[in-house]
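[1] The following block contains a protein sequence and its predicted model.
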Amino acid sequence: MENEKREIIRLKKVLFQYPETQSFSLNIKNLIIRRQQRLFFEGPSGSGKSTLLNLITGLTRPSSGEIKILDTDLLSLSKRSADLFRVDHFGIIFQMFNLIPYLSVIENVILPCTFSKKRKRKALSQSSSLLVEAIRLCEELDIDSSLQQKSVTQLSVGQQQRVAIARALIGQPEIIIADEPTSALDQDRKNQFIDLLFKECDKYKSTLIFVSHDPNLKPLFNTSVSIDQLSRTSKKEAILCH
Amino acid sequence: MSLIQLAFKSILSRKLVVLLLTISIGLSTMLLVGVQKIKESAKSSFSHSISGTDLIVGARTGDIQLLMYTVFHVGKPVSNVSWDTVNRIKALPQVDWIIPISLGDSHNEYSVVGTTSDYFKHFKYGRKKNLSYQKGKPFNALFDVVIGSEVAQNLNYQIGDTIYLSHGTNKSASRRHENKRFTIQGILNHTGTPVDKSLFVSLEGIEALHIDWKNGVAPLSKNSLVNDQINTLSLTPKSVTGCFLGLKSKLSVFSVQRQLIDKFSEPLSAIIPGVSLAELWKSISTIDSAFFIITIFVILVAFIGLVLALFMSLNQRQKELALLRSMGCHPIQIFLLLTFESLIITCTGVLLGMVLLMSAGYFITPFLEGKMGLVLSLTSLTHQELLLALSIILFGLIVSVVPAFQAYRKSISDSLLVS
């Protein structure tokens, strides 16, 4: 089990400041996320959750510090490599607007494999073709074949979010990031969505980082952390997996 | 899925805007290429209206004026060339053949050309093509007439029909030559030249029309001689409007021209048809240049529309592009995606323009040929027009780089989570 608990994300002494303004800054002393951890990341809007996600996914660079993802020094990557690294290792689910409106459900699910050879290869190791793999994932997520044929704009929000999970899972990236994915869902659907997400992440041994400002969801996760905590955490108190 | 497929699907999701853009690019392409085609056709119709003739001779006048009335039957000569002079020209050693022509009469606004049977033997048009007969044969008897294809078609004439000719070329002022009935002997094939709009009779026929005129005044209808009374009279022409010359050697064309202008007691003009046609074309083609500039502006407007639509779609598509970025789509690929999209729209537009032009050509060509004598080859594309179409596409590509580059720059700085 040693391997399973190996650390997958580590942020060390990361300082981020918007170049123009001095008003906002993010200061993370130490953050370690381990494999298959389900991390609930809480904080009110504007507290820097999105910034943190941008830092982890390599879209934003910190003013100083060290970011290691899957033993790769993210800051040493070029912009292009960072882009590829992101799609290779991250499945991302957004709050709203998760799907490309002019693509079908299946095409949306396959899309990450268009840009990532690694995920394409992994997907093809699961099924005989990308289409078969996309259909398999859709069925696993209760998106039945009648929905698969529809234009994504005809889907309900709940259905769209399930398609977004399928797309995040295709090609089995190590880390799933969900940014307020439940904010447009009602309470029942929120729970259903989270259950489904957990089930899938377990199945594919993915690490989950779930960002929300909704404290009701917090008990469902085995670890939770807030921005405030992060800024205060000293090295000794580094957040570890259960 | 490739970027090109992605571009296609993205375009298909915005059908209305794309359709309108395609139509506007299509119409402006049609206009631009169409104007070029009309210009080319007009030019070739022009320069093909006479060929194989080395010199055109008439009474002294402007070069273009002489060309206009002898070849295009537009305008009037200042004076005639005497028959005596015609005979002296014919006797020049360098002259191979001579076609005298006598103008000034008409039939339903179509001009009547008095000439000799040499006309049908030596007159050439286009790429040195001889006149040929749709039906019938050349004129033989005094009151025979051969008509051009357009005359036959528009007035619905058949071989054997009889017609009357009128004096003068202006419909309202012309006066019918009473009692002199002409019989249609032949109908010429279509040539795309003024020949189609002409009627041909013998020089003697022209003389016969005017034999009973006294001091330039027509006889009263009851006094006018009828066909049979004329047949026996002497009908050698006194003068003609001009003549077409063929020389034995092309090399002598300038010396004969000099000779005709300088050495004859009668003041003559002699022109080389090709040279004067080029001059005439030059004076007309400024209008055409103006047209060309206007169509360039039309193209510009169409592409401003395209760029505008791309810019506006960028705002709408901000989230979509950010989403693509989050899935590993490189900013360069975003740039290419947008460029592909406008390339597809431009290509479809240009293709539509060509199809429109060809189908318009199918319907308009007969009209243009009939009314204006323009022979358009709208259904085929020349090398030059293909180049024009390609440069429109290239232009579309260049202008669409601007919004695509903006999207590129934006997607570089885009953060992943737009919330």
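    Happy to help now that I have it.

[2] As a check, name the ranges of all helices in chain B.
    B:3-12, B:15-47, B:63-71, B:83-90, B:118-122, B:149-155, B:203-210, B:227-230, B:253-262, B:273-316, B:318-326, B:331-372, B:383-413 (DSSP state H).

[3] Need these in a markdown table (columns: distance to A:T57).
    (Each C-beta comes from the backbone N, C-alpha and C, glycine too.) Below are those laid out as a markdown table (distance: least, CB to CB, whole Å):
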| stretch | distance to A:T57 |
| --- | --- |
| helix B:3-12 | 22 |
| helix B:15-47 | 33 |
| helix B:63-71 | 77 |
| helix B:83-90 | 95 |
| helix B:118-122 | 87 |
| helix B:149-155 | 77 |
| helix B:203-210 | 95 |
| helix B:227-230 | 103 |
| helix B:253-262 | 83 |
| helix B:273-316 | 23 |
| helix B:318-326 | 8 |
| helix B:331-372 | 16 |
| helix B:383-413 | 15 |
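
[4] what's the domain layout of chain B?
    B:3-46+B:285-418, B:55-271 (automatic domain parsing).

[5] about what we covered before: worst average pLDDT in the helices of chain B?
    Set side by side, these give their lowest mean pLDDT on helix B:227-230, at a mean of 70.

[6] Tabulate the CA atom coordinates of that one in CSV.
    Below are the C-alpha coordinates for helix B:227-230, written out as CSV (Å, rounded to 0.1, in the frame of the first residue of the first chain):
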residue,chain,number,x,y,z
ASN,B,227,-38.3,45.6,-108.9
ASP,B,228,-38.8,44.6,-112.5
GLN,B,229,-38.4,48.1,-113.9
ILE,B,230,-35.0,48.4,-112.3
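
[7] For that helix, buried residues please.
    For helix B:227-230, the neighbour count (16 or more other CB atoms under 10 Å in any protein chain shown) marks B:227, B:230 as buried.

[8] Which strands and helices lie in contact with it?
    strand B:175-188 (3 or more CB pairs under 8 Å, 6 or more residues apart in numbering or on different chains; DSSP states H and E).

[9] ok now the strand it packs on, how far from the chain's centre?
    29 Å (CA atoms, centre = their mean, to the nearest Å).

[10] about what we covered before: may I see the domains of chain B organised as TSV, with distance to A:C138 added?
    Output for those, formatted as TSV (distance: least, CB to CB, whole Å):
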stretch	distance to A:C138
domain B:3-46+B:285-418	17
domain B:55-271	66
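
[11] List just the one of the ones you listed that sits closest to A:V87.
    domain B:3-46+B:285-418 (2.6 Å; CB to CB).

[12] For A:S25, which of the helices of chain B is the nearest?
    helix B:383-413 (19.3 Å).

[13] Determine the angle, from 0 to 180 degrees, between the closest one and helix B:273-316.
    Relative orientation of helix B:383-413 versus helix B:273-316 (axes from the mean of the first three to the mean of the last three CA atoms, to 10 degrees): 20 degrees.

[14] buried stuff in helix B:383-413?
    B:385, B:388-389, B:392-393, B:396-397, B:399-401, B:403-404, B:407-408, B:410-411.

[15] Which elements pack onto that helix?
    By 3+ CB pairs under 8 Å, 6+ apart, helix B:383-413 packs against helix B:15-47, helix B:273-316, helix B:318-326, helix B:331-372.

[16] Nearest to B:I332 among the buried residues of helix B:383-413?
    The nearest one, if we look at the buried residues of helix B:383-413 relative to B:I332 and count by CB to CB, is B:Y408, at 6.9 Å.

[17] In chain A, spot the helix with the most residues.
    helix A:187-203.

[18] picking up where we left off before, please name whichever of the helices and strands packed on helix B:383-413 is nearest to B:P219.
    Taking those one by one with CB to CB, helix B:331-372 is closest: 36.6 Å.

[19] Please name whichever of the helices and strands packed on helix B:383-413 is nearest to B:T162.
    helix B:331-372 (24.6 Å).

[20] Report the distance from the closest one to the chain centre.
    For helix B:331-372, the distance to the chain centre is 24 Å (CA atoms, centre = their mean).

[21] Many thanks, have a good one.
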